[in-house]
Structures are given as C-alpha cells and as structure tokens.
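Trainee: Quick check, what structure comes out for this input:
(2 chains)
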Amino acid sequence: MKIASWNVNSLRVRLPHVQQWLDNVRPDVLALQEIKLTDADFPANAFADLGYQAICSGQPTYNGVALLSRDEPDDIVTALPDFKDPQRRVLGAKLGGVYVLDLYVPNGQSLDSDKYRYKLDWLAQLDGWLPALLKQQPNLVVLGDFNVAPEDRDVHDPAAWEGQVLVSAPEREAFRRLLGHGLKDSFRLHQEGGGHYSWWDYRSAGYQRNQGLRIDHILLSAPLAERCAAAWIDPEPRGWERPSDHTPVLVELTLP
DNA sequence: ATGGCCTGCAACGCAGGA
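Mentor: Residues are numbered from 1 along each chain as shown, chains lettered A, B, ... in the order given. Prediction:
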C-alpha cells in the first residue's frame, strides 16, 4: 500500500500536476493540503476519472485538506475534537486497512505572532487526542504539512534558521511529543542523512540550489512502522512548470 | 541585502504562506 502526502498550494492551479503525478506514481492514498477551495468547488470528477474516491474539507481562499483513495472512506473526521476552529486543517478517514489523518498544521508566521500561539495550541490539542485515536485506530498514519523541521539535518542552513518559526525549540518539542505516543517518522526509518527536503522557498531559487526544509511528514503507529518497506520524497513535481513550493512525500507499507 | 515569489480576492494592494 502506497500512501502519499502533498501540500499543493491551490488545487485549482495545481490540478494538472496532481493528475499527472497520480498517473505516474499510482499511490493508493494521496493526502492533500492547502487546496484553497470550497467543498462545492472540489474537482471530484477529475479524480474519479483516475480511479480515486475523494473527500474534502475545504473553505474559501485558505487552508483546506482532501483525501484521495482507491478504497471507500469510512469513519470520517473533519476537526480536532473539542477545538473550535473555522480553519479547515484536519481530515481523517479509514481507508483500506489503515486510518489516515491528514493535517495542515498552522504555519505560525513568526515567534511573536498570535498565529504562533495558535500553532502551539493546535499541536497540543492534537497531542491530547492521539492516545484515544491510537486506541481506536491502532493502524494509524498521521501525515501532512507539519510546518516543523524536526532536527537540524532537516534544514539546509541550520545557523541561518536558528530560532525561526518552523525550527524553534517549542515547535520541535511539540513534534517530539507526537512521536512520544509511539509514532515513527517514516522517513527516518530509511534515511539517516541530511539534504532531503519537502519544501523549497519560491524566492531565491531555493529548489535549484536545494536550499529547503523537511516539514512534510508521514508518521506511523508501531504496527505500521514494522511494515514500512520504504519511505521517500519525490522531488520531481517541484521542478515542473509553475510548481507548488512543496513536493510529495511517500511510504510503502506491506500490509497482510 | 531582514527581501526576493506565489495565490486568492478584490481592487490596482493586501493577507498569508514558510
């Protein structure tokens, strides 16, 4: 079972890339973030033509998440429990033998911003939910745009980024707390080295110079981590014409 | 060099991203 995550930075603009990539890679599940459109405008037919069922939690202009799957989605959730939030950043569903929780974690903007506080509160709320969710759904995949580079090896220039949003100590601690529930960062099950990124700034030719961050992640509960045959980043779409600033991240699970 | 670029919405610049 191949599962992927991609922040597309506007599904309206990126639909041709998503279609092309699905056709090339044929994942069983693709989780999208920053679709930036409403449920009414979601292009479900385009995905149906490629053999994917789709569910979506969208809003105008900002945020928005979606799940594309070959299997019928079940047990759908569209928000963190007990967390009033008009921003659409959460979509969970049982797909085949696994439960996939698609997240678009708040960016935080800067350490002195209200949005940073919101980001930390949001991550704390997620942290509080995980024990119950793991109990309900032992085969759990928590994936998406976490907007956190967990370690310095996930940052092209740690000195330049030190203390900034996406790498600050409280954000990294929040990320480590998620792993404390037994979730594994799938990429690090298979790759120890640095220089592997999922996002490159549009400015300053970041992609061409491989100056990026690894902020998109696929976390696996213990039973799935044991069955993780591969985890990788596909940088190719970032090099296409008019790309998203993120590129897809993937895992291959060997399910019984 | 504390900005560069991209998107959406609306209005001819802003908010937001990361």
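
Trainee: Just give the nearest non-adjacent residue to residue A:75, would you?
Mentor: residue A:94 (4.5 Å; Cβ to Cβ, 6 or more residues apart in numbering). Placement of C-beta: from N, CA and C, glycine included.

Trainee: what does residue A:130 give?
Mentor: residue A:181 (4.6 Å).

Trainee: need the contact list for that neighbour.
Mentor: Applying Cβ atoms under 8 Å, 6 or more residues apart in numbering, we find residue A:181 in contact with A:127, A:130, A:131, A:134.

Trainee: is any part of stretch A:127-144 close to DNA strand B?
Mentor: No: using Cβ under 7 Å from any atom of the strand, stretch A:127-144 stays clear of DNA strand B, with a minimum separation of 10.2 Å.

Trainee: typo on my end, it should be stretch A:40-49
Mentor: No: using Cβ under 7 Å from any atom of the strand, stretch A:40-49 never reaches DNA strand B; the gap is at least 8.6 Å.

Trainee: Can you name the residues in contact with that stretch?
Mentor: A:11, A:12, A:15, A:19, A:22, A:35, A:53, A:54, A:56, A:58, A:66, A:68.

Trainee: Tell me the gap between that stretch and the middle of its chain.
Mentor: 20 Å (Cα atoms, centre = their mean, to the nearest Å).

Trainee: and if you look at stretch A:230-249?
Mentor: With Cα atoms, centre = their mean, you get 13 Å for stretch A:230-249.

Trainee: before we move on, the earlier item: just the ones of the contacts of residue A:181 in helices?
Mentor: Judged by DSSP state H, the contacts of residue A:181 include A:127, A:130, A:131, A:134 as members of helices.

Trainee: re the thing from before, I'd assumed the residue nearest to residue A:130 was in a helix, is it?
Mentor: No: Residue A:181 sits outside any helix when classified using DSSP: H, G, I helix; E, B strand; the rest coil, being coil.

Trainee: mind checking how far it is from residue A:203?
Mentor: Distance of residue A:181 to residue A:203, given as Cβ to Cβ, to the nearest Å: 36 Å.

Trainee: So residue A:31: helix, strand or coil?
Mentor: Applying three-state DSSP: residue A:31 is strand.

Trainee: who's in contact with it?
Mentor: Applying Cβ under 8 Å, 6+ apart, the residues contacting residue A:31 are A:3-6, A:65-68, A:91, A:100, A:102, A:143-144.

Trainee: Switch the ones in helices among the contacts of residue A:181 over to JSON lines; also include neighbour count, distance to residue A:160 and pLDDT.
Mentor: Output for the ones in helices among the contacts of residue A:181, formatted as JSON lines (neighbours: other Cβ atoms under 10 Å; distance: Cβ to Cβ, whole Å; pLDDT from 0 to 100):
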{"residue": "A:127", "neighbour count": "15", "distance to residue A:160": "29", "pLDDT": "98"}
{"residue": "A:130", "neighbour count": "20", "distance to residue A:160": "32", "pLDDT": "98"}
{"residue": "A:131", "neighbour count": "11", "distance to residue A:160": "37", "pLDDT": "98"}
{"residue": "A:134", "neighbour count": "18", "distance to residue A:160": "37", "pLDDT": "98"}
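
Trainee: Turn the contacts of residue A:31 into TSV, including secondary structure and neighbour count.
Mentor: Formatted as TSV, the contacts of residue A:31 follow (DSSP: H, G, I helix; E, B strand; the rest coil; neighbours: other Cβ atoms under 10 Å):
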residue	secondary structure	neighbour count
A:3	strand	26
A:4	strand	24
A:5	strand	29
A:6	strand	27
A:65	strand	27
A:66	strand	26
A:67	strand	24
A:68	strand	25
A:91	strand	27
A:100	strand	25
A:102	strand	25
A:143	strand	24
A:144	strand	29
